[in-house]
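Enquirer: Sequence first, then the predicted structure, then my questions.
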Amino acid sequence: WNSAGGKKWDQVSPKTNATEPGVLAFSGATNTTASRTTALVVDPDCDAKKCRVWIGAAGGGVWKTDDATKDNPDWKQVKPKELDQNSVGVLTLDPGDKKHDTLYLGTGEANRCGSGCEAGVGVYKSKDGGGNWEKLPAVCVSNPTYGCTTPGANAFLGRGIRSILIDPNNQNHILVGSAQAVRGLSHVIGIGGGTRLEPGANNVG
């Protein structure tokens, strides 16, 4: 949070550490850990008294706070049970919604990394600031430039979604940019890494 023209930055993320139990870790060791923040959306009405912010974590779903400008903001994960998968690539606020409650979530992290950049399952929409999510239909249709691996199937299955743009003049006109993503956790980074690509994924674009 920058309130002084670039001269001062304040931490708005949780100030308590997260602990990963050893049983979940590749090494078997318990670790103090954090996740990559892959997406961030700030309510345009944000001010010093009230400020809604949503973030997407690489593999941790969507989190929201209503008091980002406070000393220690209270963050809560928003409806993870309604999402088929918690890998977040992008969050976009609908510019046509005057209340700033309509969000789009693109699953699948589109970053290039050797571990944890999980492929996604599609695009979700929330009309109440993340309180509830619905998965949007996305049927892949081949054209002369881009062919579908499985025509008629989910266009974004196995992809990492990098961007979602909403036409400010037509909320039903949505542009989505997708990239290659990996299947599962590699845990091997650098020379000799074992990246596994998602089988049956459609082409990028």
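Expert: Structure's in. What do you need? Numbering: from 1, shown residues only.
Enquirer: Quick one: distance of stretch 67-87 to the chain centre.
Expert: 12 Å (Cα atoms, centre = their mean, to the nearest Å).
Enquirer: List the pairing partners of the strand or helix carrying residue 163 within its sheet, with orientation.
Expert: Per DSSP states H and E: residue 163 is located in strand 159-167. Using DSSP bridges, strand 159-167 pairs in its sheet with strand 170-180 (antiparallel).
Enquirer: Flag every buried residue along the partner strand.
Expert: 174, 176-180 (16 or more other Cβ atoms under 10 Å). In short, each C-beta sits where N, CA and C put it, glycine included.
Enquirer: Columns distance to residue 118 and pLDDT on top of these, output as a markdown table?
Expert: Shown next, in a markdown table, are the buried residues of strand 170-180 (distance: Cβ to Cβ, whole Å; pLDDT from 0 to 100):
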| residue | distance to residue 118 | pLDDT |
| --- | --- | --- |
| 174 | 22 | 94 |
| 176 | 18 | 93 |
| 177 | 18 | 90 |
| 178 | 14 | 86 |
| 179 | 13 | 81 |
| 180 | 12 | 75 |
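Enquirer: circling back: may I have the strand holding residue 163 as PDB, with CA atoms only?
Expert: C-alpha atoms of strand 159-167 as PDB (Å, rounded to 0.1, in the frame of the first residue of the first chain):
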ATOM      1  CA  ARG A 159      -4.200 -24.000 -19.500                       C
ATOM      2  CA  GLY A 160      -2.800 -21.200 -17.400                       C
ATOM      3  CA  ILE A 161      -4.800 -18.100 -17.800                       C
ATOM      4  CA  ARG A 162      -2.800 -14.900 -17.900                       C
ATOM      5  CA  SER A 163      -5.400 -12.200 -18.600                       C
ATOM      6  CA  ILE A 164      -9.100 -11.500 -18.800                       C
ATOM      7  CA  LEU A 165     -10.500  -8.300 -20.300                       C
ATOM      8  CA  ILE A 166     -14.200  -7.300 -20.100                       C
ATOM      9  CA  ASP A 167     -15.500  -5.000 -22.800                       C
END
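Enquirer: How many neighbouring residues does the closest residue to residue 49 other than its chain neighbours have?
Expert: In this structure, residue 49 finds its nearest non-sequential neighbour in residue 69, 7.6 Å apart by Cβ to Cβ, 6 or more residues apart in numbering. Residues within reach of residue 69, counting by other Cβ atoms under 10 Å, total 17.
Enquirer: now do residue 145
Expert: Quick note: residue 145 (other Cβ under 10 Å) scores 7 neighbours.
Enquirer: got it, and residue 92?
Expert: Neighbours of residue 92 (other Cβ under 10 Å): 21.
Enquirer: Helix, strand or coil: sort out it for me.
Expert: Look at residue 92: counting by DSSP: H, G, I helix; E, B strand; the rest coil, its state is strand.
Enquirer: OK, contacts around it?
Expert: Counting by Cβ atoms under 8 Å, 6 or more residues apart in numbering, residue 92 touches 41, 103-104, 106, 163-166.
Enquirer: now those residues as a markdown table including pLDDT and distance to residue 95?
Expert: A markdown table is the format used below for those (pLDDT from 0 to 100; distance: Cβ to Cβ, whole Å):
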| residue | pLDDT | distance to residue 95 |
| --- | --- | --- |
| 41 | 96 | 11 |
| 103 | 96 | 12 |
| 104 | 97 | 11 |
| 106 | 95 | 16 |
| 163 | 94 | 14 |
| 164 | 96 | 12 |
| 165 | 96 | 9 |
| 166 | 94 | 6 |
